[in-house]
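Colleague: I'd like to go over a predicted model; first the sequence, then the structure.
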Amino acid sequence: MSIELFDAVNLQDEVIGTTDKIKAHASGQLHRVAAVYVFDKQGRLYVQVHKKSGGLYDHSVGGHISKGETYAEGAAREAREELGITQPLEELAIFYSDEGPEFQHMFGLYTCVAEPSWEFIPNDEVDEIILMDLTDIRELMASEPEKFTGGFINTMNEYVRLKN
């Protein structure tokens, strides 16, 4: 198995080198990730029950951007791999996310409304997703933030900031 390489970036999102997940997370090196919020037609968000974190709530889709890949390309790739979503995604923002000393990310945040014909099929990457109302998510984030990944909290705060 080969190690997946990522672009290391600075706070202006300029490429300054190459890294991998282990190095970047061990040293707090800034690198790129994508998050996609997938909504249903009623405006509820599909929240991923994140396997690797022990079941924390996370983005509908999320993942690292490969070396030389754009945010849009990475978001589309991750959406296909994790949820089988192939429709166009809307870019909302690219922003810095400080999730503690080891997790320093530049996030590309995207959204889409799932096609009526889309159906989630559990797979190697995602076992479970749940539909949640945005108001319920915000209330739960305020009362029990430990139920969410740090990245999700930061992207949801950015999403709310942009939409309000």
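Modeller: Structure received.
Colleague: bridged to the residue nearest to the spatial centre of the chain, which residues?
Modeller: Centroid-nearest residue in the chain, with CA atoms, centre = their mean: residue 35, separated by 2.5 Å. When bridges are called by DSSP bridges, residue 35 pairs up with residue 62, residue 109.
Colleague: ok, it touching residue 109?
Modeller: Yes - between residue 35 and residue 109 there is a contact under CB atoms under 8 Å: 5.3 Å. Backbone N, C-alpha and C define where each C-beta goes, glycine included.
Colleague: can you report phi and psi for residue 137?
Modeller: Dihedral angles of residue 137 (phi, psi; degrees, to the nearest 10) stand at phi -60, psi -50.
Colleague: and residue 146, by the same measure?
Modeller: Backbone geometry at residue 146, expressed as degrees, to the nearest 10, gives phi -70, psi -10.
Colleague: ok, now how distant is it from residue 83?
Modeller: 25 Å (CB to CB, to the nearest Å).
Colleague: of these two, which one has the most company?
Modeller: residue 83 (23 against 5; other CB atoms under 10 Å).
Colleague: name the residues of stretch 39-49 that come out as buried.
Modeller: By neighbour count on 16 or more other CB atoms under 10 Å, the buried set for stretch 39-49 is 39, 45, 46, 47, 48.
Colleague: can I get the helix or strand bottoming out on mean pLDDT in the chain as PDB, trimmed to CA atoms?
Modeller: Ranking every helix and strand in the chain by mean pLDDT, DSSP states H and E puts helix 21-27 at the bottom, with a mean of 89. Output of helix 21-27 as PDB, limited to C-alpha atoms (Å, rounded to 0.1, in the frame of the first residue of the first chain):
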ATOM      1  CA  LYS A  21      -1.600  12.200   6.700                       C
ATOM      2  CA  ILE A  22       0.700  10.700   9.400                       C
ATOM      3  CA  LYS A  23       3.300  13.500   9.200                       C
ATOM      4  CA  ALA A  24       0.700  16.300   8.900                       C
ATOM      5  CA  HIS A  25      -1.400  15.100  11.900                       C
ATOM      6  CA  ALA A  26       1.700  14.300  14.000                       C
ATOM      7  CA  SER A  27       3.200  17.800  13.500                       C
END
